[in-house]
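Chemist: A structural model of the following input is requested.
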Amino acid sequence: MTDIEWLTLMKKSPQQAHRALIDEYGNLVYVIVVSKIGICAVREEIEDCVSDAFVEIFRCADKFDSSKGTLKVFVSTIAKRTAINEFQKIAYRRRVTMSMEDEGAELPPSADAPKEETQKKLFRRRLW
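Modeler: Reported below is the predicted structural model:
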């Protein structure tokens, strides 16, 4: 489907245009989202982000101008921005959760091997 065909379909039947857009660019949006948040997100967060990206694409569909670029670039840009916003939300939630866990919620090192426990703790923090 060409950009002009999609614009014509959008004017004629927005629902069909939305389905066609998902069929055409669903995999692209998924790959973009995974590349941005896949390392820190679980599957449900990735799927939610893909859905959010398409909601944003549909919300901004009337702003698409084929003289300024292709539909693929339009979809990719919105998907990338949505994924970056989601990454920031995930990072913030994890940072808040970690700071709450750091406030005395940890058990002291075991008496059996305090050195090993401390090294494991430091390793987990560096890894995180």
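Chemist: got a list of what the residue positioned nearest the centre of the chain touches?
Modeler: By Cα atoms, centre = their mean, the chain has its centre lying nearest to residue 83, at 3.3 Å. Contact analysis of residue 83 by Cβ atoms under 8 Å, 6 or more residues apart in numbering lists 32-33, 35-37, 49, 53. (C-beta placed from N, C-alpha, C; glycine too.)
Chemist: and of those, the nearest to residue 74?
Modeler: Taking Cβ to Cβ as the measure, residue 53 is the one of these closest to residue 74, at 11.7 Å.
Chemist: helix or strand for the closest one, just tell me which one.
Modeler: For residue 53, the host element (DSSP states H and E) is helix 43-59.
Chemist: so what's the gap between the following helix or strand past that helix and the chain middle?
Modeler: Where DSSP H and E defines the elements, the next helix or strand beyond helix 43-59 is helix 71-102. Its chain's C-alpha centre and that of helix 71-102 lie 6 Å apart, by Cα atoms, centre = their mean, to the nearest Å.
Chemist: buried ones in helix 71-102, by neighbour count?
Modeler: 71, 74-76, 78-80, 82-83, 85-87, 90 (16 or more other Cβ atoms under 10 Å).
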